[in-house]
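Chemist: Need coordinates for the following:
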Amino acid sequence: MAFKTSNVFVHLHSNFSVLLSHMFNKILKEESEFIAKGSGWNLNRIDGLQLRINIVNPLRGLSYIPLPKYIKNKKAIINVQNIDNKCFKHSILSKYDNRRDKYIYSTKYFNYLEKKSKLNFNCVDFPTPVKQVKIFERINNVSVNIFSLDGEGFVYPLYLNESEKSINFDLLLFGDGIRSHYCYIKNFSRLVRSQRTQHKSKLIICKRCFTVFNNKPCENKLWGEHGLNEHKKMCDKNKLGRCVMFENGDQEFIKFQNYKRTQRIPIVIYADFECLLKKIQNKKKSKNTKTKITHVHKPMSYGYYVKIDYSIIPKYFIKKFKISKPLTIYRGKNAAKHFIKTMIDLGIKICSLYKINIPIKKLTKEEESRFQSAQFCECCLKDFKKNNLIKYRDHDHFTGNFRSVLCVYCNFEMSNVSFVPIYFHNLTYDSHFIVRELGCDEKNIDVIPNSNGKYISFSKSISSNFKIKFVDTFHFLSDSLDSLAKNLAEDPTRFRETLKVFSLNNLNLFIRKGVFPYEYVDDWNKLNETVLPQKKYFYNSLIDKKISKEDYIHAQNVWKGFDLKTLGDYSDLYLATDVCILTDVFENFRDICLRTLKLDASQYLTIPSLGMDCMLKHTKIKLERLKDYNMQLMLERGIRGGICQSVKRYVKANIPNVKGLTYNRAKPNTCITYLDCVNLYGKSMLSELPYQNFEWYNDLTLDVTKIENDAEYGYILEVDTDYPKYLHSFHNDFPFLPENSYPPNSKIRKLLTTLTPKINYVVHYKNLKQAIANGINVIKVHRIIRFKQSTWLAPYIELCTGMRVRSKNEFERQFWKLMVNSVFGKCMENVRKRVSIKLISSEKKAHKYMIKPNFKDRTIYSKNLMAVHLFNEKIKFDKPIYVGFTILDISKTFMYDFHYNIMKKKYDHNLNIVYSDTDSLVYEIKTNDFFGDLKNELLPYFDTSNFPKNHFCFNESRKNQPGFFKDELKGEILLEFIALRPKLYSYRVANKEINKAKGVKKYIIKKHLKFDEYLNVLNAYIDNKAKEKSVYRDMNLIQSHNHYVYSKTVNKKILNGDDDKRYIMRDGINTLAYGHYKLSS
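Modeler: Predicted coordinates for the structure are as follows:
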């Protein structure tokens, strides 16, 4: 595990002791916060420190540069015409200049101003780098804000002091590509006004995000200096960057407009790598060593399959450009380098192929009649006359045949394909071998980063307008290739491409994932062996699993059935099978998308983006783009994930005549039940959701209890609430209005259910209405957003649900489930978390980025490749987070309603929540017969279709309907349940135990964890036995560093009972919600 700091500019006179101390403190803080998050890791030792040095010519102020004309005309800047390199000093002193012509430089006069100001400039260099400004602020007890100009000419914050002092300086730092220059901003409002508004009156502006506050009193939204201060409570938590809600040329609504993506990409490539796992001879290490590197992964072979749609491209052209060979396997020591060269060569051929444009043939009478009579574009369905659009005769560029009547925009979009997708399943692994070879030339490399070293997608330019694009099928189908193949194998005819490569006689050998002795093949010579390795050599330490007898027989049948001569031949066939299976799996996925939703999945990078477009296309909804940044901030503050908490850390059932239980007649009969809400978010998506007409609502006396759930207008409120003491005990298990807050003595924000008063709490009106109905008091309403709402998403959810029910195989059932979940994911996308990384294969480009003011860090991968990490200059808010906010908030109302109005109403004080997690509730219920209660009173709220058919509660009438509750154990009796903390629990039923531990490998949980170990850890906490409070296990995993891949064994903490989301009572089992009146005494 590595922790690091940002790059800091240093020079000969820098105070290195202070700088290092600051950096070490930052690393230690980051490490302690990482452990506090419950990661399961502990600091055992420090392996080493790495110092990265970049020799750069940093951005610093030099001599006079004329202002850009559009900036000069604002008359907001004093630009001193200095002839030395002290423009930082002169711009600061300009604040005290009372002359009329302030731009004129005079050494004598500025020496006078320096004495007058009493400022000390000896602490900085000239010219002055931005990184030294903090020193100047500290020495002089002043604040400095520095702004710059981005590539579009807009002002953005480059450096802001966290707390503006009484003596403050606003500076503009800009350059001409060679030099940079500081100027003094005398009127900040005038400088940035045109970026935010057309109003000419004096404005109050937030210097971090440039939000404008009117000076005129306004009841329904923030205004004036008070409004700015309230706004900064939310805004100051966010990273710097030019915050953009809406720009010229932006569409006012989010709607479907990717009509080009309705067309199938005619050529796609599927690929995979196989690696040698070279053993690392570890030197003898101390007992305290927690990590051991066991293998380094070296690419030994690759395979790829070119999938061509011959209904689009005639075979003649494929042969002409020599793209006809569908499956290729290469094995050699330079496999990764050879792969990139092959893909670039193939990309060049495909690029040339796509340039073919045979002129349109003369239209037949029928075709001409169709063209003349067409009133609508056959792609986007826009009316030609109403939208003043010119008709175009769209034609097939490979045949010249007339295809359709399109508008000018659609005709342009359909005219070319600008990339060829290359698919890997789990590209996160294979990408490491590819990326290191991308610096083979200086052509552009584009990445969509997920984090440092991990990419959603990346591409290599072939020409100025064509790329090879690497895409991960796992971002669409997040399951193992083995599972996907099994789902597809329900109908073997779906393996169309595989059947083109292999004989039908061997059908059963290649429509399933093969097996391979990965750890045995640690040397090139092993590939020359002429017999299949023994069964014991197929052991997989990553999942601690031996090969099954059936799988080994399969391997033997493959070896014999294909008459293989060497292990290398077996490896090539194993790779070929994987590539073919991947091809068929994803081609079937594409087929379903095109057949049912009329979109090609190959035009997308992830399933959330595909699902969002499918939804927009099907519903034809127009979601309004927010234009008010304060609305964005208010909604961001209100986004809260699923509630997950351990309420009672251990319970045991007390039921007579049950195997595995000792019945105690002296205690009341008690059962434990684990309930799960069917498709909770799907249920929320069927509800009324916001879509347009967002406005600040004037009437802060709004009574939400009188607003119907299906009203035309909905509301999101910012309120203060109070939790009456008389409700504390009754609501202790599941308090209303959960909030993101810091538990006592914690530095990590968590979602807590508390009984504390809420201040500036952002909530959907349905949730507030429910809370009020259950006794919570609203003390004050600060702001209200009003919007139009409807069940506009319901038709899409119902389509997906219906198609899932009618699916004939598991592959299709999973597809429709994904298409629902993906929409919610896209509506929750946090654009602030996007990172900016550039892969650079040119020294000149690298230097260009390293002198930019937003340069953050760099990572050198090879002689010809470097990753440059940048801070974002601009953050554009273009996602409908109001939809995600509403889905999340409304989902909680269903859980609260079920608990208080159904279960609590039925059992009252005889019911306790043991554990809850988003859509699940584990109850301890004092009752003689829960299943009898279920049958006689609770059945209308339950889906019991998963019970055994001979169970007296079995009923299929509500099968898989969103919002109903299922028994997770399908009618089995739960004996004991222990929850050490959120996501860390275990329970026993009659013949087995189920263990859960977030962040721990499945094989560890399945094979090396027992219920009794959870119980021992709990008892250690109760008895305060420090050594027994945690459980460690060796865990095998694959990790990378600088795109080198290793197998490692890590000794990781997997069990621990530290839980600060609720107050744990002295018995170590029962808990109280924070804010409970008992805690104050």
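
Chemist: chain center to the helix or strand residue 294 falls within: distance?
Modeler: For residue 294, the enclosing helix or strand under DSSP states H and E is strand 291-308. What separates the centre of strand 291-308 from the centre of its chain is 26 Å, taken as C-alpha atoms, centre = their mean, to the nearest Å.

Chemist: That one pairs with which strands?
Modeler: According to DSSP bridges, strand 291-308 has the following sheet partners: strand 267-279 (antiparallel), strand 327-331 (antiparallel), strand 1044-1056 (antiparallel).

Chemist: deepest of those strands, which one?
Modeler: strand 267-279 (a mean of 22; mean count of other C-beta atoms under 10 Å). Bear in mind the C-beta positions are built from the backbone N, C-alpha and C, glycine included.

Chemist: Could I get the average pLDDT for that one?
Modeler: Averaging pLDDT along strand 267-279 gives 97.

Chemist: Tabulate the CA atom coordinates of that strand in PDB.
Modeler: Only the C-alpha atoms of strand 267-279 are listed here, as PDB (Å, rounded to 0.1, in the frame of the first residue of the first chain):
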ATOM      1  CA  ILE A 267     -15.700  -4.400 -37.300                       C
ATOM      2  CA  VAL A 268     -14.800  -5.100 -33.600                       C
ATOM      3  CA  ILE A 269     -11.900  -7.100 -32.200                       C
ATOM      4  CA  TYR A 270     -11.900  -9.400 -29.100                       C
ATOM      5  CA  ALA A 271      -8.600 -10.200 -27.500                       C
ATOM      6  CA  ASP A 272      -6.900 -11.800 -24.400                       C
ATOM      7  CA  PHE A 273      -3.400 -12.400 -23.000                       C
ATOM      8  CA  GLU A 274      -1.900 -15.400 -21.200                       C
ATOM      9  CA  CYS A 275       1.100 -15.000 -18.900                       C
ATOM     10  CA  LEU A 276       4.000 -16.900 -17.500                       C
ATOM     11  CA  LEU A 277       4.000 -16.600 -13.700                       C
ATOM     12  CA  LYS A 278       7.700 -16.400 -12.900                       C
ATOM     13  CA  LYS A 279       8.400 -17.300  -9.300                       C
END
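
Chemist: where's it relative to the chain centroid, distance-wise?
Modeler: So, by C-alpha atoms, centre = their mean, the centroid of strand 267-279 is 26 Å from its chain's centroid.

Chemist: and what of stretch 995-1011?
Modeler: That offset, for stretch 995-1011, works out to 25 Å (C-alpha atoms, centre = their mean).

Chemist: what comes up buried for it?
Modeler: 995, 997, 1000-1001, 1003-1005, 1008-1009, 1011 (16 or more other C-beta atoms under 10 Å).

Chemist: pLDDT and secondary structure for those - can I get that in a markdown table?
Modeler: Formatted as a markdown table, the buried residues of stretch 995-1011 follow (pLDDT from 0 to 100; DSSP: H, G, I helix; E, B strand; the rest coil):
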| residue | pLDDT | secondary structure |
| --- | --- | --- |
| 995 | 96 | strand |
| 997 | 95 | strand |
| 1000 | 93 | coil |
| 1001 | 92 | coil |
| 1003 | 92 | helix |
| 1004 | 93 | helix |
| 1005 | 94 | helix |
| 1008 | 91 | helix |
| 1009 | 94 | coil |
| 1011 | 96 | helix |
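
Chemist: Out of the residues you listed, which is nearest to residue 536?
Modeler: Distances from residue 536 to the buried residues of stretch 995-1011, taken as C-beta to C-beta, are shortest for residue 1003 (17.8 Å).

Chemist: Surely the closest one touches residue 543?
Modeler: Yes: judged on C-beta atoms under 8 Å, residue 1003 makes contact with residue 543 at a distance of 4.5 Å.

Chemist: Next, work out how far apart the residue most central in space within the chain and residue 230 are.
Modeler: The residue lying closest to the centre of the chain (C-alpha atoms, centre = their mean) is residue 829, at 6.7 Å. For residue 829, the distance to residue 230 (C-beta to C-beta, to the nearest Å) stands at 26 Å.

Chemist: Which elements pack onto the longest helix along the chain?
Modeler: With secondary structure taken from DSSP state H, the chain has its longest helix at helix 567-592. Helices and strands touching helix 567-592, by 3 or more C-beta pairs under 8 Å, 6 or more residues apart in numbering; DSSP states H and E, are strand 267-279, strand 291-308, strand 327-331, helix 481-488, helix 496-501, helix 507-510, helix 549-561, helix 810-827.

Chemist: now the strands for the stretch 301-450 of the chain?
Modeler: For the stretch 301-450 of the chain, the strands defined by DSSP state E, counting those that start in this stretch cover 327-331, 391-395, 402-407, 419-424, 445-451.

Chemist: so what are the domain limits for this protein?
Modeler: What automatic domain parsing lists as the domains of the chain is 69-196, 688-786, 836-871.

Chemist: got the end-to-end distance for the shortest one?
Modeler: From the first residue to the last, domain 836-871 extends over 7 Å; the measure is C-alpha to C-alpha, to the nearest Å.

Chemist: what about the closest residue to residue 499 other than its chain neighbours, how many residues close to it?
Modeler: Leaving aside its sequence neighbours, residue 499 sits nearest to residue 507 (C-beta to C-beta, 6 or more residues apart in numbering; 7.8 Å). Other residues within reach of residue 507, judged by other C-beta atoms under 10 Å, total 14.

Chemist: Many thanks, I have nothing further to ask.
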